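K.L.:
Quick one: sequence and predicted model below, then my questions.
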Amino acid sequence: MVSRNDTGLDSVLHSLQSTTDPHRKIDRSFISGGKPIIQVVPAFLRSIKNVERLFSPDIIAIGPYHRDEPRLQSMEEIKKMAANEFCCSSTAHQVRDFYLNVQEVAEQAREFYAHDVGMNDNDFTAMLFFDGCFLLQFMTMVALDRGPQKLWKMPQLSENWMQRISRDILLVENQIPWVVLEALMRLKHVLVDRYIADTISNFDVKGAKPQVDCEGADKYQPFHLLDLVRHRQIGPFRSRMVAVAHEAEAPRPILNISSALELAEVGVHITAGKTARLSDMAVGKKNPLFGNLWLPPVYLSELTMSLLINMAAFEMLQGGTSDADYGASSYMQIMAVLMNREDDVRELRAKHILYPVFSDQETLGFFKSVCPYLRKGGQYDRVLQRLSNYQQDRMVRITLHKFVYNNLKYLLTSGSAFGLLIPILRAVLSLKDANRSAPGAPPRAL
């Protein structure tokens, strides 16, 4: 049991009392493979062009890593107001009760940080208390779709502050351990599932929110808030992706898959899946002639781009052995494989797979610059293996399809269609001869 130091509690109570003055000045500079630990993003990731900003808080510091940055100090007073509102709206418990619950887990929480936080016990506990109360009060506001109480409505806060806070509290460096939030929620219920559903709806092009009752059914124990959002956004891995017709066979060499346009050329249709969950990817038959690659339709905004890269960074930093450990990374890697030119981005737009608010060039640059540094994951390997198997099993049909695909306009407008059959037949015969002379397994079903 952690000793209950009243000195730290007195400091917290004094800070909360000071927030009752609505005229209190706020700095106007704000206007413009082991136990998981909270780490800082490696320098090689931060050094990627136009990516560093996606790891840095814009408006608020949560946890110790950014708390001393001058540009973020304005929100410290807002945190106290939120903590006051969170604790004082409870009729069954006092501020002291909430603080002591946090104090009991503070020593455990300190062990979760990879770097020395440079804070004494009282300051560290107070930080966890204010940050934890702020997060839970913010979740409540989002879940109930209401704005802050009167004391929060200050002219120094820009109109898009909710969006900016939503982004910042889901940065990999801007986290506090979930045990702190659990300690506070033992005294007051918070609509966490509803908040998570609202957050991951930002990925959905329709803004559809998942069923709240189903979201918490798996009883996942998160490490922190970002981890919980990541787990829910990835979703369960689909049986159609895992159950492979010839799974027991030795994997064949993977052919190079160069782009979304190349897949269209060889007869693989890219189709939007039913959900925006990152695990909703699969390869199968569209019909006897064509293959199909299902991908989640994702709305790519500043918020969801930041979420994607921070989820993938978290996966890389923690390490893991299961598909679920690299769900975000696998999705990003597959998207990077499908994009080599701006034409590929336009193809994915046309197929309703990607809805970026950015230009084609910016979207391409994001995926291609980041993915060489990320893990791939088992789902990535399976998708590419099955696409490669499709090509190897259908060489004749693919050759015919590529010819028709690339010459369709000429075939429709030319009067010499009969003459064009000659190179097609030659291609078919040459492939049949090659198949007869080359040893190998018989064609497999997709």
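P.N.:
That came through fine. Residues are numbered from 1 along each chain as shown.
K.L.:
how many other residues sit next to the spatially closest residue to residue 324 that is not a sequence neighbour?
P.N.:
Distances taken as Cβ to Cβ, 6 or more residues apart in numbering put residue 234 closest to residue 324, at 6.4 Å, once the chain neighbours are dropped. C-betas here are computed from N, CA, C, even on glycine. A total of 24 residues lie near residue 234 under the criterion other Cβ atoms under 10 Å.
K.L.:
ok, now residue 103?
P.N.:
With other Cβ under 10 Å as criterion, residue 103 counts 25.
K.L.:
ok, and the closest non-adjacent residue to it?
P.N.:
Distances taken as Cβ to Cβ, 6+ apart place residue 125 nearest to residue 103, at 5.2 Å, with adjacent residues excluded.
K.L.:
how close does the residue nearest to residue 324 sit to residue 172?
P.N.:
Note on residue 234: its distance to residue 172, by Cβ to Cβ, to the nearest Å, is 16 Å.
K.L.:
Residue 115 too?
P.N.:
13 Å.
K.L.:
Between those two, point out the one with more neighbours.
P.N.:
The neighbour comparison of residue 115 against residue 172 (other Cβ under 10 Å) goes to residue 172, with 27 against 11.
K.L.:
hey, C-alpha coordinates of the helix or strand hosting residue 379 in PDB?
P.N.:
In this structure, residue 379 sits in helix 378-393 according to DSSP states H and E. Extracted as PDB, the C-alpha positions of helix 378-393 are listed here (Å, rounded to 0.1, in the frame of the first residue of the first chain):
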ATOM      1  CA  GLY A 378       1.300 -11.700 -40.600                       C
ATOM      2  CA  GLN A 379      -1.800 -10.200 -42.300                       C
ATOM      3  CA  TYR A 380       0.400  -8.300 -44.800                       C
ATOM      4  CA  ASP A 381       2.300 -11.500 -45.600                       C
ATOM      5  CA  ARG A 382      -0.900 -13.500 -46.200                       C
ATOM      6  CA  VAL A 383      -2.500 -10.900 -48.400                       C
ATOM      7  CA  LEU A 384       0.600 -10.700 -50.600                       C
ATOM      8  CA  GLN A 385       1.000 -14.500 -50.700                       C
ATOM      9  CA  ARG A 386      -2.600 -15.000 -51.900                       C
ATOM     10  CA  LEU A 387      -2.300 -12.300 -54.500                       C
ATOM     11  CA  SER A 388       0.900 -13.900 -55.700                       C
ATOM     12  CA  ASN A 389      -0.800 -17.300 -55.700                       C
ATOM     13  CA  TYR A 390      -3.600 -15.900 -57.800                       C
ATOM     14  CA  GLN A 391      -1.100 -14.700 -60.400                       C
ATOM     15  CA  GLN A 392       0.900 -17.900 -60.500                       C
ATOM     16  CA  ASP A 393      -2.200 -20.100 -60.900                       C
END
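K.L.:
can you tell me which residues contact residue 228?
P.N.:
Residues in contact with residue 228, defined by Cβ atoms under 8 Å, 6 or more residues apart in numbering, are 178, 192, 196, 220, 222.
K.L.:
State the mean pLDDT of stretch 306-318.
P.N.:
Stretch 306-318 carries an average pLDDT of 95.
K.L.:
sorry, that was for stretch 119-134
P.N.:
For stretch 119-134, the per-residue pLDDT averages 97.
K.L.:
what do you get for stretch 278-290?
P.N.:
Stretch 278-290 shows a mean pLDDT of 80.
K.L.:
circling back: number of residues surrounding the residue nearest to residue 103?
P.N.:
28.
K.L.:
Which elements pack onto the strand or helix carrying it?
P.N.:
For residue 125, the host element (DSSP H and E) is helix 121-143. Counting contacts by 3 or more Cβ pairs under 8 Å, 6 or more residues apart in numbering; DSSP states H and E, helix 121-143 is packed against helix 6-18, helix 74-88, helix 95-110, helix 161-168, helix 178-185, helix 192-200.
K.L.:
If we go by neighbour counts, what in stretch 61-79 is buried?
P.N.:
By neighbour count with 16 or more other Cβ atoms under 10 Å, stretch 61-79 contains the buried residues 61-67, 72, 74-79.
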